[in-house]
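Asker: Just a sequence and a predicted model for now, questions to come.
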Amino acid sequence: MSALVRLDGVGLTYPGPPPVPALQVCDLSIWPGEYVAVTGPSGSGKSTLLNVLGLLDRPTTGRYALDGRDVTALREADLTGVRARAIGFVFQAFHLLPYRSATQNVALGLLYAGTPRATRERQATEALHRVGLAHRLSALPTTLSGGEQQRVAIARALVASPRLLLCDEPTGNLDSATATTVLDLVDELHREGMTVVLITHDPQVAARATRRIQMMDGRVYTG
Amino acid sequence: MRRHRTATRSHLRVRDLAAEAIAGMVQRPTRTGLTALGTILGVGAFVAVLALTATASGQIDERFTALAATEVTVEQSDTAGDPALASTPVETNPFPVDADQRVEQIIGVRRAGVWWTVPGVQVAAVPLPGETPPDEVEVRAASLGLLEALRPTVGPGRLYDDFHERRAEQVVVLGSAAAARLGVANLAVQPAIFIDGIPFTVLGILDNVERHPETLFTVLVPRATAERLWGHPRDTEPAMVIDTEVGAGQVVADQAALALRPDAPELFQVTAPPDPRRLREGVAADLAALFLLLAAVSLVIGAVGIANTTMVAVLERVNEIGLRRALGARPRHIAAQFLAESAATGTIGGLAGTSLGVITVVVVSAIQQWTPLVEPWTALPAPLIGTLVGVLAGAYPALRAARVQPVHALRR
C-alpha cells in the first residue's frame, strides 16, 4: 500500500525581509484511512502544514506527492482541479455563505468540479443526510446552531468524495457538548475509511486520533 | 497523460457562473438597487434626453409646417442698381389689380393678397381739427385675399368683402390693439374713424392673426379705396403674402412671379419658406450635444457607484473568495463571478433606467401636450449601456478579487 500523502524534504519559507521559515524541511507520510491530529501552540506552523497539504500554499523546497502523483510541479489550473476533487476543507469559522440554504452551501463543494446542477443538488442532499441534517435542507446558516453550521461545512467538504479531509480547529468556535457531536461525526467518517488530518490545540480532541504530530517553531515531530 | 490533466482541471460552466452572479444580486435586493441607482439615473437621463430632444424637435417641425413653411412672400425686386429698369421708374403698382386671383389659381395656394403701408396719414376716433391724436396708428392698404392669408380670428363685426373692394367703399377693419387705442369697442352703433379727416365705417375688429401679429396694431383699408384716395403706393413697397398648402411652399414660390406678371416676372423677388427639416436638425444637434454630455456625466457617476460598491463587496467577501478558492475555483473564476455580478447590476440599472426615461418622456409629453417620440435606436440598445458601465466598473474590483490569496482569506 502506498502513502496518500508523501512529503520529501518539504519546507516553506516566506520571502523576507526577513525570510520567515514557516515550515522547516520535513519528511512526512500519511497512509490511507489514517486519522492524524496535529497539535502545537499558536504560530508553531500547524496552519502552514495544513495549507501545504491542502495545496493552498506551494512549498518552497521539496517534493509533495498526493495519492502517488507529484503535485509540486502542477500548474495553478491543474492544482485547483486537484483541490476541488481530492481535498475537503473544514474551517474553524465554518465559512458558510449567508443568504444560501444548507443544500446550496453544500452544493458549492461541487461547483468547480464541473458537476451538472441537478447532480450537485442530489449529492448535496445525500451529504446532508449523512451528517444528520436531513431535516434542515433548506435552512439558512443564520437559523442554524453552531454545531449544525459546522456539520453543513463537513457535508460541503465530503460532497465531492475527497481522498483527504483537512480540518482546521473544527471545534474552536463550539461549546464542548456541541464539539463532541461534531467530533463523533469525524470519528464516524474515519471509521468509514476517510483519511483525516485535524489541527487542534486541545489534547482531548487530539486523543481521538490514531496518530499525533507535534509542531514547534515550524518543526514537525512525528509521533 | 494529457487527457488525465484536462480531466482534473477545475472549470466553471457559463450557466453556473450566471446563476452565481444572479444569486449574488438577488440575495441582497436593496443593495443591488442602490448600487444600480447611478446607472438607472444615467441611462434614464440618456434615454429621456434623446427622446425629449426628438419630441421637442418634432414639435418645432410641426410649428414650421403649420406656419412658416406655408408662407411665401413676394416683394418688389431691388431695381435701384439696374439702370435699364431705373430709367423707367415704377409709376404704378407692380401688383396688378387682380393679383389675388392670379396667384390663387396656382395649385397649392390657399389665399393670397397684397398690402402696403399708407404713409403720412393721421388716424383719429373723432375729427378734432388742429389737434394731434395721442397715438400713431399705422394705416395699411390690404386686398381681400390678404386678410384671409393672415388667418385672422374675427372678433366683433366682419371683414370687408368684394362689394366694398369693387366700389372702393370707405370702410376699415381694425386690429384689436388699434381698436383699443382708438377706443372702438361697440360695433352696434356703427362707429366711424377719421383718416386725414375722411370718415371710415368700422366693419370689424381682428381679435387675432396667425401671421404678422403686428397687423393687430394697424388699420386696414380695402386696396381699391386706398388707391382711390391716396393713389399708388408711394415711398413704401407693396408686398404679397401667400398662404399655401402644407408642403407646397417651394413650388408656389417658383410660379408666383410668373403668374403675377407674365410680361415682367423680374419685377418681383420671391421668398420661399425655410426648409423645416434643416432647421429641425440644427436645433436637434445643439440640444442633443448639450444634454448627451449631461447623460454621459450621469453614466460616469453611475460607473463610479458600481465600482465603489463592488470594491466594498470584494473586501467584505474576502472569506467567500478564499472559500471558493479552497473549493477549487481558479482566480479567473473569481474574477468572472464579480465581473458577471457587476455586469448584471449594470444591466438591471440599464433596464430600469430605460423604463424610467421612457416614462419621463411620456409624462412630460402628456403635460406639454406633445407627441412623445422615442427613436428605437436610442431605447433598444440603452440597457446595453448599463451592461457596459457594469463591466467597466467591475473590471478593477474583479481583478483585485482574483488576486486574493486563499491562505490569508481563510485565516480570518
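Answerer: Done, it's in.
Asker: for chain A, what are the nearby residues on chain B?
Answerer: Those residues of chain B that sit near chain A, judged by CB under 8 Å from any CB of the partner chain, are B:5, B:8-13, B:15-16, B:19-20, B:23, B:27-28, B:319-320, B:322-331, B:333, B:406-407, B:410-412. Any C-beta I mention is one placed from the backbone N, CA and C, and that applies to glycine too.
Asker: if you set the cut-off to 7 Å instead, what comes out?
Answerer: Chain B has residues B:5, B:8-13, B:16, B:27-28, B:319-320, B:323, B:326-330, B:333, B:406-407, B:410 near chain A, with proximity defined as CB under 7 Å from any CB of the partner chain.
Asker: filter the residues you listed to the buried ones?
Answerer: The neighbour-count test (16 or more other CB atoms under 10 Å in any protein chain shown) marks B:8-12, B:16, B:319-320, B:323, B:326-330, B:333, B:406-407, B:410 as buried among these.
Asker: residues contacting whichever residue of chain A sits closest to chain B?
Answerer: Residue nearest to chain B within chain A: residue A:84 (2.3 Å; CB to the nearest CB). Under the criterion of CB atoms under 7 Å, 6 or more residues apart in numbering or on different chains, the neighbours of residue A:84 are A:112, A:113, A:160, B:10, B:327, B:328.
Asker: Tell me the one among these nearest to residue B:163.
Answerer: Taking CB to CB as the measure, residue B:163 lies nearest residue A:112 of the contacts of residue A:84, at 98.8 Å.
Asker: what's the helix or strand for the closest residue to that closest one other than its chain neighbours?
Answerer: On the basis of CB to CB, 6 or more residues apart in numbering or on different chains, the spatially nearest residue to residue A:112 that is not a chain neighbour turns out to be residue B:328, at 3.6 Å. Here residue B:328, judged by DSSP states H and E, is contained in no helix and no strand.
Asker: Spit out the contact partners of residue B:328.
Answerer: Each residue near residue B:328 by CB under 7 Å, 6+ apart is listed here: A:80, A:81, A:83, A:84, A:112, A:113, B:10.
Asker: try residue A:19
Answerer: residue A:13.
Asker: Just the buried ones among the residues of chain B next to chain A: which are in helices?
Answerer: Among these, the members found in helices (DSSP state H) are B:8, B:16, B:319, B:320, B:323, B:326, B:333, B:406, B:407, B:410.
Asker: ok, which pair from the residues you listed is furthest apart?
Answerer: For those, the maximum inter-member distance is 26.1 Å, found between B:8 and B:319 (CB to CB).
Asker: what is the residue sitting nearest the centre point of chain A paired to in the beta sheet?
Answerer: Central residue of chain A (CA atoms, centre = their mean): residue A:166, 1.6 Å from the mean position. Following DSSP bridges, residue A:166 is listed with bridge partners residue A:89, residue A:197.
Asker: can you pull the buried residues of the longest helix along chain A?
Answerer: Under DSSP H, the helix in chain A containing the largest number of residues is helix A:176-191. In terms of neighbour count (16+ other CB under 10 Å), helix A:176-191 has its buried residues at A:178, A:179, A:182, A:183, A:185, A:186, A:189, A:190.
Asker: next one: that helix to chain centre, how far?
Answerer: Put simply, helix A:176-191 sits 15 Å off its chain's centre (CA atoms, centre = their mean, to the nearest Å).
Asker: So which elements touch it?
Answerer: Taking 3 or more CB pairs under 7 Å, 6 or more residues apart in numbering or on different chains; DSSP states H and E as contact, the helices and strands that helix A:176-191 lies on are helix A:146-158, strand A:195-199.
Asker: Great, nothing more from me.
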